[in-house]
Every structure is written in structure tokens, then in C-alpha cells.
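Enquirer: need a structure here:
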Amino acid sequence: MTDPRFDEIVHAPNRLRICSMLSATDEVEFAALRESLGVSDSVLSKQLKALEDVGYISVKKSPLDGRTRTWAALTPAGRIAFDGHVAELRRLAAGIAID
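Expert: Next up is the predicted model:
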């Protein structure tokens, strides 16, 4: 069980949604993230960079169908941060006091 911990990096709405999507799979392609979030390339790039800068995601580029594709994945640290943040949100929503 992950200790509840509020994480301001994860908490931003688009970053929270990115982490949620990445937590459900090994990796997600940039275009799929962009379409799901309904944001521009530049907005998504900025959010991915913020997560990458703190070590919560890894980003890799690889060729696919003659084009370079960008893939994002949660790192172990990112998974811990996301799980802790979700646990803290659940704790707050339930009105549970901290021991």
C-alpha cells in the first residue's frame, strides 16, 4: 500500500490525467495522449516535460510507419508519486484525519 502524499506536480489537471492514462498501461503514444486530453502539441509537450524533469515519466522516440513517434511511460518513481497522490485524494475525500 502506498502512503498518501499530496504531489503538486501530479495534481495539475492535465498531468493528473496523463499519469492516470500511463498508470493503466506500459506506455502511450504522444498522439493518443493529445487526442484523449484534447490539447495542442505544445500544451502536451509542456506537461510531459514537467513530469519528465522530476523523473516521473520517461519519453522515448522510435520510428513507426516511416515517422518518428514519441512514447511516454511512467517510471517507478512516477508510479509511486501517482499512487500516493491518488491515495491522498481518497483520504481527503473520505474526511480521514492524518494520524
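
Enquirer: list the buried residues for the helix or strand residue 22 falls within?
Expert: Under the criterion DSSP states H and E, the helix or strand holding residue 22 is helix 13-23. By neighbour count on 16 or more other Cβ atoms under 10 Å, the buried set for helix 13-23 is 14-19, 21-22. C-beta coordinates here come from the backbone N, C-alpha and C atoms, glycine included.

Enquirer: what does stretch 58-74 give?
Expert: 70-72, 74.

Enquirer: with stretch 24-32 instead?
Expert: So stretch 24-32, judged by 16+ other Cβ under 10 Å, has buried residues 28, 30.

Enquirer: with adjacent residues omitted, what lies nearest to residue 84?
Expert: residue 5 (3.9 Å; Cβ to Cβ, 6 or more residues apart in numbering).

Enquirer: what strands flank the helix or strand bottoming out on mean pLDDT in the chain, and is each parallel or antiparallel?
Expert: Here the helix or strand of the chain ranked lowest by mean pLDDT, DSSP states H and E is strand 57-64, holding a mean of 92. Its sheet considered, strand 57-64 pairs with strand 67-74 (antiparallel) by DSSP bridges.

Enquirer: mind listing what's buried along the following helix or strand past the partner strand?
Expert: Stepping forward along the backbone from strand 67-74, the first helix or strand reached (DSSP H and E) is helix 76-94. Neighbour counts over helix 76-94 (16+ other Cβ under 10 Å) mark 78-88 as buried.

Enquirer: can you add pLDDT and distance to residue 49 and give the residues you listed back as JSON lines?
Expert: Listed next are the buried residues of helix 76-94 as JSON lines, based on pLDDT from 0 to 100; distance: Cβ to Cβ, whole Å:
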{"residue": "78", "pLDDT": "98", "distance to residue 49": "14"}
{"residue": "79", "pLDDT": "97", "distance to residue 49": "19"}
{"residue": "80", "pLDDT": "97", "distance to residue 49": "20"}
{"residue": "81", "pLDDT": "97", "distance to residue 49": "16"}
{"residue": "82", "pLDDT": "97", "distance to residue 49": "17"}
{"residue": "83", "pLDDT": "97", "distance to residue 49": "22"}
{"residue": "84", "pLDDT": "97", "distance to residue 49": "22"}
{"residue": "85", "pLDDT": "97", "distance to residue 49": "19"}
{"residue": "86", "pLDDT": "96", "distance to residue 49": "22"}
{"residue": "87", "pLDDT": "95", "distance to residue 49": "26"}
{"residue": "88", "pLDDT": "94", "distance to residue 49": "24"}
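
Enquirer: lovely, talk soon.
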